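Undergrad: Quick check, what structure comes out for this input:
(chains A and B)
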There are 2 protein chains.
Amino acid sequence: MAAITYEHIKTCKQSGARLGIVHTPHGSFETPMFMPVGTLATVKTMSPEDLKDMGAKIILSNTYHLWLRPGNEIIKEAGGLHRFMNWDRPILTDSGGFQVFSLSDMRKITEEGVEFRNHLNGERLFLTPEKCMEIQNDLGPDIMMAFDECPPYPAEYDYLKASVERTSRWAERCLKAHKRPEDQGLFGIVQGGEYEDLRRQSAEDLISLDFPGYAVGGLSVGEPKEVMNRVLEFTTPLLPADKPRYLMGVGSPDSLVDGSIRGIDMFDCVLPTRIARNGTLMTSTGRLVVRNAKYARDYRPLDENCDCHVCQNYSRAYIRHLVKCGETFGFRLTTYHNLYFLLKLMENIRQAIREDRLLDYREEFFEAYGFNKPDAKNF
Amino acid sequence: MAAITYEHIKTCKQSGARLGIVHTPHGSFETPMFMPVGTLATVKTMSPEDLKDMGAKIILSNTYHLWLRPGNEIIKEAGGLHRFMNWDRPILTDSGGFQVFSLSDMRKITEEGVEFRNHLNGERLFLTPEKCMEIQNDLGPDIMMAFDECPPYPAEYDYLKASVERTSRWAERCLKAHKRPEDQGLFGIVQGGEYEDLRRQSAEDLISLDFPGYAVGGLSVGEPKEVMNRVLEFTTPLLPADKPRYLMGVGSPDSLVDGSIRGIDMFDCVLPTRIARNGTLMTSTGRLVVRNAKYARDYRPLDENCDCHVCQNYSRAYIRHLVKCGETFGFRLTTYHNLYFLLKLMENIRQAIREDRLLDYREEFFEAYGFNKPDAKNF
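TA: Residues are numbered from 1 along each chain as shown, chains lettered A, B, ... in the order given. This is a model prediction of the structure:
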């Protein structure tokens, strides 16, 4: 029995969106689903109880960060990441590939792997597909990601082609090095930038290796939304219908809807938690920057249409006060609300698929949020 | 009916410790009791649910800080402090006197009040007994504190005598200016430094004004523990037996026991929450600095004898990792544990009073914690 299986329930008649269930050793979750990010074995400011309370079914954590601190051996000794952080639902860890390419200077890519500097202390480190698997086998998440190169946007065709081919060879090495396939499912990552033939080549290479799931990588790295949507339109049809599809690093509300429409099942992003710590909220009527002076005497909830614990019990005035004073509890409240907002959005997306009306839902949601305005921000 | 009443249950046969119940408009709590400090309308890192879960029955908030941010008018408009911060149990606010004297430079004391600089922006401010009452009437706590001068330690006898007399005149002005005596109980603050005759004079002045409760102020300001205990020994017998007695700013475990033995009913201090944010824990076997390298692979709970939520679910290794990374959730866990530890200590103290064995309990507790060692730290 594979560690990870995908159960398809239905496809929306208005779009390519899929309603499904992903089964893992730590339980199942409906898709499309958003995964809150817990980089350092904690979703910043949240407790496991908070996450369960808001309806989080799976969280993501970070191979690169946990390798550096506290180290995979310590987490292994603790009984694995689930026990270490007291989270008994599914966990996905990324491969560290993105962080190696985004956080560290002086990286050097060879066929063997990537040499780079620890972003904390400058120490030289070397990450290979085999090392990446060893770390993720130690961490013990339900879903592991293959070690890939995440190229910048834009990148030259020739560079991308060589990169895609190397990523495929690395994917094969990952599969060979993976020691616990019965406990942990390893996903391959389709790269290829905005080039259809490279995405096809990448997808075919990886499908031939038969991973239990596939991610679309290398998006949300600075390209326009139109490019992301176009790449998804020609990439997701290449992927097997009986495996989950994960769009990495995407979490703005509009992209969650647009990605679902194009057949994506799983998403993750630091956006909701990061902007929360800056006092920026996602609400049913658009973005709300609670630091603004106009909220000083506003005793309404963050979102008047929200039934989350924060909106039921706290006012904009109180949350603004906490955020302005740098009080941690303020960031707990804003983080909770933003994650709840996205998890609820995913629930609404699933319901719209069930009712074959995801395109209609998109129009309603975009209109209310303000995404249809010419000056609409990304979130 | 007075807003605040004290119900005496029994006095320990081994000491002067009192078991009692304080009744307030927002519910009752057993004494001796420790009050967690929520300076800016939040007990740093904690939610109201966390506080209830750990057994907090009353919290303290800060007149001076809330006057500056967000301002008492905003809290009044929000429906008062209870509603503003979503805490429906009793609240006590201090008078701001201590903060005026400890946080601000260039203060100038006159009969009218104190002129000083806002510690945030340098703005000139003037606090009087009348203004202090106005702010606290706006905030709406169950227990208000009279505006007093908290002199430094040591202070000259003559200075202290003049200060005590002025504090008595200010107390009378507070009582006159207090607009909501049926909703909020105003406590007087006994000053007088280490001088028995000044403490007596202060107590007699205030008792003649018939406050519903009395605090002992001006302690825990740098004097040796012996001085604090001696002052309590001659001061608490001066106070009415049918009113609660509150020792301000004291929260080290040894002082909570020693204060209870000397007839104190209520305590508050930032110590447990402040040291928690530095990774320092109170445990049944003494102080534990979880940042230390020796805890990196220690998978035991913070306190092996503790039944709190943190000790039941998280290891020293995990908490050390979070604290070292500056992750907020680490400070939630350490704060929760320290507050739980002190609330549990107070429960043990109450049980020992019930069983007429508080001096025996003191010996056991001090021995286990290490307070009997020659190099014992204060906490």
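
Undergrad: what residues does the stretch 151-300 of chain A put near chain B?
TA: On the criterion C-beta under 8 Å from any C-beta of the partner chain, chain B has as its neighbours in the stretch 151-300 of chain A the residues A:Ala296, A:Arg297, A:Tyr299. Where you see a C-beta, it was placed from the backbone N, CA and C, and this is true even at glycine.

Undergrad: give me the number of residues near the spatially closest residue to the last one that is not a sequence neighbour?
TA: Read it as A:Tyr299. Here the nearest residue to A:Tyr299 in space, its sequence neighbours aside, is A:Ser315; by C-beta to C-beta, 6 or more residues apart in numbering or on different chains that works out to 4.4 Å. The burial count assigned to A:Ser315 is 22, neighbours taken as other C-beta atoms under 10 Å in any protein chain shown.

Undergrad: Also the one 10 residues further on?
TA: The local packing of A:Cys325 (other C-beta under 10 Å) involves 19 other residues.

Undergrad: I'd assumed A:Ile59 was in contact with A:Trp87.
TA: Yes: judged on C-beta atoms under 8 Å, A:Trp87 makes contact with A:Ile59 at a distance of 6.6 Å.

Undergrad: overlap in contacts of those two?
TA: Any residue near both A:Trp87 and A:Ile59 by C-beta atoms under 8 Å, 6 or more residues apart in numbering or on different chains counts here, and that gives A:Gly38, A:Leu51.

Undergrad: so how far is stretch A:76-83 from its chain's centroid?
TA: With C-alpha atoms, centre = their mean, to the nearest Å as the basis, stretch A:76-83 stands 22 Å off its chain's centre.

Undergrad: mean confidence for that stretch?
TA: Averaging pLDDT along stretch A:76-83 yields 98.

Undergrad: what helix or strand does A:Ala56 sit in?
TA: Remark: A:Ala56 resides in no helix or strand, with elements defined by DSSP states H and E.

Undergrad: dump the residue contacts of it.
TA: With contacts defined as C-beta under 8 Å, 6+ apart, the neighbours of A:Ala56 are A:Met35, A:Pro36, A:Val43, A:Arg89, A:Leu339, A:Leu343.

Undergrad: same deal with A:Ala17?
TA: Residues near A:Ala17 by C-beta under 8 Å, 6+ apart: A:Thr11, A:Pro32, A:Ser260, A:Ile261, A:Arg262, A:Gly263, A:Ile349, A:Ala352, A:Ile353, A:Leu358.

Undergrad: how far away is it from chain B?
TA: Separation of A:Ala17 from chain B (C-beta to the nearest C-beta, to the nearest Å): 34 Å.

Undergrad: before we move on, what about A:Arg83?
TA: Between A:Arg83 and chain B the distance is 9 Å, computed by C-beta to the nearest C-beta.

Undergrad: May I have the secondary structure class of that residue?
TA: A:Arg83 carries the three-state label helix when classified by DSSP: H, G, I helix; E, B strand; the rest coil.

Undergrad: before we move on, the earlier item: same list, the contacts of A:Ala17, but as CSV with secondary structure and neighbour count please.
TA: Supplementary listing: the contacts of A:Ala17 in CSV, determined by DSSP: H, G, I helix; E, B strand; the rest coil; neighbours: other C-beta atoms under 10 Å in any protein chain shown:
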residue, secondary structure, neighbour count
A:Thr11, strand, 16
A:Pro32, coil, 28
A:Ser260, helix, 30
A:Ile261, helix, 24
A:Arg262, coil, 23
A:Gly263, coil, 23
A:Ile349, helix, 26
A:Ala352, helix, 25
A:Ile353, helix, 26
A:Leu358, helix, 26
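
Undergrad: Looking at the residues you listed, which one is closest to B:Glu123?
TA: When those are compared for distance to B:Glu123 (C-beta to C-beta), A:Ile349 comes out closest, at 50.3 Å.

Undergrad: rewinding a little: whichever of the residues of the stretch 151-300 of chain A next to chain B end up buried, select them in PyMOL.
TA: Selection of the buried residues among these in PyMOL, burial being defined by 16 or more other C-beta atoms under 10 Å in any protein chain shown:
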select buried, chain A and resi 297+299
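
Undergrad: Was I right to think A:Ile9 contacts A:Ile21?
TA: Yes: taking C-beta under 8 Å as the definition, A:Ile9 is a contact partner of A:Ile21 at 6.7 Å.

Undergrad: Which one of those two is surrounded by more residues?
TA: A:Ile21 (16 against 13).

Undergrad: same for the helix or strand hosting the more buried one, what does it pack against?
TA: According to DSSP H and E, A:Ile21 maps onto strand A:18-24. Contact analysis of strand A:18-24 by 3 or more C-beta pairs under 8 Å, 6 or more residues apart in numbering or on different chains; DSSP states H and E lists strand A:5-11, strand A:27-31, helix A:328-354 as its packing neighbours.

Undergrad: any idea of the mean pLDDT in the first one?
TA: Looking back up the chat, that one is strand A:5-11. So the average pLDDT for strand A:5-11 ends up being 98.

Undergrad: quick one: buried residues of that strand?
TA: Under 16+ other C-beta under 10 Å, the buried positions of strand A:5-11 are A:Thr5, A:Tyr6, A:Thr11.

Undergrad: Could you double-check that the second one sits in contact with A:Asp242?
TA: Yes: between A:Tyr6 and A:Asp242 there is a contact at 6.0 Å, judged by C-beta under 8 Å.

Undergrad: could you give the angle of the strand holding A:Ile21 to helix A:328-354?
TA: With axes from the mean of the first three to the mean of the last three C-alpha atoms, to 10 degrees applied, the angle from strand A:18-24 to helix A:328-354 works out at 120 degrees.

Undergrad: neighbouring contacts of strand A:18-24?
TA: Applying C-beta under 8 Å, 6+ apart, the contact partners of strand A:18-24 are A:3-12, A:28-33, A:58, A:90, A:142-143, A:185, A:213, A:244, A:263, A:265-266, A:350, A:353-354.

Undergrad: can you tell me the average pLDDT over that strand?
TA: The pLDDT scores in strand A:18-24 average 98.

Undergrad: Can you list the strands that it pairs with?
TA: For strand A:18-24, the pairing partners within the sheet under DSSP bridges are strand A:5-11 (antiparallel), strand A:27-31 (antiparallel).

Undergrad: From the contact counts, what lies against the helix or strand of chain A with the lowest mean pLDDT?
TA: Taking all helices and strands of chain A together, the one with the lowest average confidence (mean pLDDT, DSSP states H and E) is helix A:97-103, at a mean of 82. With contacts taken as 3+ C-beta pairs under 8 Å, 6+ apart, helix A:97-103 sits against helix A:63-68.

Undergrad: ok, A:Gly249 - contacts?
TA: Contacts were defined as C-beta under 8 Å, 6+ apart; by that measure A:Gly249 touches A:Phe98, A:Leu219, A:Ser220, A:Val221, A:Asp268, A:Cys269.

Undergrad: meant to ask about A:Ser202
TA: Taking C-beta under 8 Å, 6+ apart, we find A:Ser202 in contact with A:Val164, A:Thr167, A:Ser168, A:Val190, A:Gln191, A:Gly192.

Undergrad: I'm done for today, thanks for sticking with me.
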